[in-house]
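S.K.: Have a look; sequence and predicted model below, questions after that.
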Amino acid sequence: MLLRNGKKLLKLLIAVFATVIVALFVVSFNGACRHSLSDNVIKLNDGWSISFSDVHLSALEHVSDFRVPSNIKPGDSIIYERDMKNDSIPLPTTLRFHAYHVAVAVYVDSVCYYRYGFERFKEGKLVGSGIHLVNMPEFIDNHKIRVVTVVTESAAAKSVTSIELLRSNSMTDYFAKNFDSLTIGIFLIFFGLIAFITGCCAVGFERAYYRLILIGLFASLMGLWTLNYAKCIQVFSVNYAMDTTLEYISLYLAAIPFGLLVVNMRAGKIAKWKLNVLKGIVVLGVLFFVVTTILHVTDIAHYPTFLFAYHLYILLSFLFMVFFRVFYERGAGLQEKILTSGTVVFVLFGIADLFRYNVQNLFGLEKSFLDATCLPVGTLLFIVLLMVGYLVYMYGELMDKTEKEVLRQIAYRDALTGIYNRAKCERIFEILNHEDNDYAIVSIDVNGLKYVNDTFGHSAGDKLLCSFAEVFKEAFEGVGTTIRMGGDEFVAIIRAEHLSDLNNALKKMVVLEKDAKLPIPVALNVAYGFSVRRRGDAVTAMDVYRMADANMYAMKLASKQKKV
């Protein structure tokens, strides 16, 4: 009962430890970001007129109220204009806005202050998405700002996010407002790398660490996607094409380790046809990534084009797992329940985020709560529960191995004296027979055991054997393996590197047995003999033991004759 309660307590401590680590990381990073929050932002969302094709829309109350028409194709232009005559902004400022898969040119009156993506679009390459920062002239009041965008992908955003003026070109306020994504993304990447490297180093010793590799891969990919999706990657990189490519690569690849993880978790626990479907889903994910990558690299079609197909693939996969109760298992253990709970949480968050993204993209609800993805939070919860479950799983594995090792040691130990028993001796003999090395075997017999048993009782005989076992262990410590074969018979096995110490060990044993104090009025006395096997000798370990035993009996006989 005490051991069982100890195990439960340790599992609880593991869960609390993992939760505290994540909480401390989030809180500390949150504090750092909030400390740097800046109030230098001027909202510039109203008063924009928009032109595209032959359509001209007058000044809108909010720029995100504009919905990009469905008939807009790659190569079409959309122009945003705003007259600054009613604004008084004397300081040098920076124009900031999001641009999704469009080439951009920014003009103040007729002067171009910024241009991005047109050359890449002409070459058929991915232009990418990101937050653009455009340095404005010192005085922009009474001037007109014109933002020209050219759609480069069919998957371009259907609406425009907020447009702002900054009193500096710092992104501090943006990163502070998006600290959740930044914190979670960095945490997942570093945690994933540590888990992946640890798993790779340990999987050669124990296959159970394969699951840790998958957890690490999935966490790193989702962390990278989180940073790119929220544009927090611009802390490290402002290469829009590369950042966007990493965003889609990490998203498309993440399905593969997740699928393999589910297969690994459910193997042997669900019907075979369900497991085969899960494997098929993983294979389909691999094919999807390979095909889309080939098309992207050859500039036939870029990653964003396939986003809807990917969402459909993920949705159908999740629905299969939910409706066919892939994660349900009656009577599951604690670790399996934790792993299952974490996976279900992630699946639910994934379905919710698919709904959020597509509703947002369909109706252009940029100003609503749908603007923020919930998937990073779901991923973080998933990873935390996954790691707690994995630690519990590894703890169970360790306890099982420890228990097996203890049982193995018990099987090889003599119950009375605590030294090795006949089973251990036979195991060593098997090993010696497969090697061609020098070794020696000492056979020992405790004299007078029958007399002690008959005169003082068997408990006294047991004390005699235990007393010699202590002498035996001390004499051969660091020299050879000490074994009780049974009754009054003992054996020592000495390897080649310690053969030179054999005689000293025997002499020490004789001295110690003379000095031994027994609880009965009998002197401790033994007879011994040994035999040495040399490399190349055509004898078995049992043959060497028999020769040592014969030498022991010769000593015993000589001792009896001497007494007579």
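M.R.: Done, it's in. Numbering: from 1, shown residues only.
S.K.: Every contact and neighbour count from this point should use C-alpha atoms.
M.R.: OK.
S.K.: pLDDT wise, what is residue 303 at?
M.R.: Looking at residue 303, its pLDDT is 94.
S.K.: Could you do residue 236 as well?
M.R.: Residue 236 carries a pLDDT value of 82.
S.K.: Over to the one 3 residues further on?
M.R.: Here, the pLDDT recorded for residue 239 equals 90.
S.K.: residues in contact with the helix or strand hosting residue 210?
M.R.: Residue 210 is located in helix 210-229, with elements delineated by DSSP states H and E. Applying C-alpha atoms under 8 Å, 6 or more residues apart in numbering, the contact partners of helix 210-229 are 181-182, 184-200, 203, 233, 243-244, 246-248, 250-251, 253-254, 257-258, 260-261, 264, 376, 379, 383, 386, 390.
S.K.: how distant is it from the center of its chain?
M.R.: Between the mean C-alpha point of helix 210-229 and the mean C-alpha point of its chain there is a distance of 9 Å (C-alpha atoms, centre = their mean, to the nearest Å).
S.K.: Report all helices and strands that the helix or strand just after that helix contacts.
M.R.: Remark: after helix 210-229, the chain's next helix or strand is helix 240-266, criterion DSSP H and E. With contacts taken as 3 or more C-alpha pairs under 8 Å, 6 or more residues apart in numbering; DSSP states H and E, helix 240-266 sits against strand 129-135, helix 210-229, helix 272-297.
S.K.: just those: most buried one?
M.R.: Ranked by average neighbour count under the criterion mean count of other C-alpha atoms under 10 Å, the helices and strands packed on helix 240-266 are headed by helix 210-229 at a mean of 26.
S.K.: Convert the C-alpha atoms of that helix to PDB, please.
M.R.: Backbone C-alpha positions of helix 210-229 (Å, rounded to 0.1, in the frame of the first residue of the first chain) are rendered in PDB as follows:
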ATOM      1  CA  TYR A 210      10.900   6.800 -30.200                       C
ATOM      2  CA  ARG A 211       7.800   8.500 -28.900                       C
ATOM      3  CA  LEU A 212       9.900  11.300 -27.400                       C
ATOM      4  CA  ILE A 213      11.400  12.000 -30.900                       C
ATOM      5  CA  LEU A 214       7.900  12.400 -32.400                       C
ATOM      6  CA  ILE A 215       6.800  14.700 -29.500                       C
ATOM      7  CA  GLY A 216       9.900  16.800 -30.100                       C
ATOM      8  CA  LEU A 217       9.400  17.000 -33.900                       C
ATOM      9  CA  PHE A 218       5.700  18.000 -33.500                       C
ATOM     10  CA  ALA A 219       6.400  20.600 -30.800                       C
ATOM     11  CA  SER A 220       9.200  22.200 -32.800                       C
ATOM     12  CA  LEU A 221       7.100  22.400 -36.000                       C
ATOM     13  CA  MET A 222       4.100  23.800 -34.200                       C
ATOM     14  CA  GLY A 223       6.300  26.300 -32.400                       C
ATOM     15  CA  LEU A 224       7.800  27.400 -35.800                       C
ATOM     16  CA  TRP A 225       4.300  27.700 -37.300                       C
ATOM     17  CA  THR A 226       3.100  29.700 -34.400                       C
ATOM     18  CA  LEU A 227       5.900  32.300 -34.700                       C
ATOM     19  CA  ASN A 228       5.300  32.500 -38.500                       C
ATOM     20  CA  TYR A 229       1.500  32.600 -38.400                       C
END
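S.K.: Make residue 1 into 46 and carry on from there
M.R.: Happy to do that; since the first residue is 46 now, the last one works out to helix 255-274.
S.K.: Thought residue 490 was touching residue 537, still the case?
M.R.: No: the pair formed by residue 537 and residue 490 falls short of the contact definition of C-alpha atoms under 8 Å, at 11.6 Å.
S.K.: May I see the buried residues of stretch 550-559?
M.R.: By neighbour count on 16 or more other C-alpha atoms under 10 Å, the buried set for stretch 550-559 is 550, 551, 553, 554, 555, 557, 558.
S.K.: possible to save the residues you listed as TSV with secondary structure, pLDDT and distance to residue 530?
M.R.: Rendered in TSV, the data for those read as follows (DSSP: H, G, I helix; E, B strand; the rest coil; pLDDT from 0 to 100; distance: C-alpha to C-alpha, whole Å):
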residue	secondary structure	pLDDT	distance to residue 530
550	helix	93	19
551	helix	93	18
553	helix	92	21
554	helix	92	18
555	helix	91	20
557	helix	91	21
558	helix	88	19
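S.K.: what's the most distant pair in these?
M.R.: When C-alpha to C-alpha is used, the two most widely separated members of the buried residues of stretch 550-559 are 550 and 558, lying 12.2 Å apart.
S.K.: How many residues are close by residue 116?
M.R.: Other residues within reach of residue 116, judged by other C-alpha atoms under 10 Å, total 8.
S.K.: typo on my end, it should be residue 564
M.R.: Residue 564: 9 surrounding residues under other C-alpha under 10 Å.
S.K.: so where does it fall, helix or strand?
M.R.: For residue 564, there is no helix or strand it lies in under DSSP H and E.
S.K.: got it, and the one 10 residues further on?
M.R.: Residue 574 is located in strand 571-578, with elements delineated by DSSP H and E.
S.K.: Please, which helix or strand holds residue 358?
M.R.: Applying DSSP H and E as the criterion places residue 358 in helix 352-368.
S.K.: Quick one: mean pLDDT for that helix?
M.R.: 87.
S.K.: May I see the buried residues of that helix?
M.R.: The neighbour-count criterion (16+ other C-alpha under 10 Å) identifies 355, 356, 358, 359, 360, 362, 363, 366 as the buried residues of helix 352-368.
S.K.: still on that earlier bit, pick out whichever of the buried residues of stretch 550-559 sits closest to residue 320.
M.R.: The closest of those to residue 320 turns out to be residue 550 (C-alpha to C-alpha; 61.6 Å).
S.K.: ok, back up a step: could you provide the helices and strands packed on helix 285-311 in JSON lines, with additional columns for mean pLDDT and distance to residue 396?
M.R.: Written out in JSON lines, the entries for the helices and strands packed on helix 285-311 read as follows (pLDDT from 0 to 100; distance: least, C-alpha to C-alpha, whole Å):
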{"stretch": "strand 174-180", "mean pLDDT": "90", "distance to residue 396": "24"}
{"stretch": "helix 255-274", "mean pLDDT": "88", "distance to residue 396": "15"}
{"stretch": "helix 317-342", "mean pLDDT": "95", "distance to residue 396": "17"}
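S.K.: what's the closest of these to residue 382?
M.R.: From the helices and strands packed on helix 285-311, taking C-alpha to C-alpha, the stretch that ends up closest is helix 255-274, at 16.0 Å.
S.K.: how about stretch 480-496: buried residues?
M.R.: Neighbour counts over stretch 480-496 (16+ other C-alpha under 10 Å) mark 483, 484, 485, 486, 487, 488, 489, 490, 491, 492, 493, 494 as buried.
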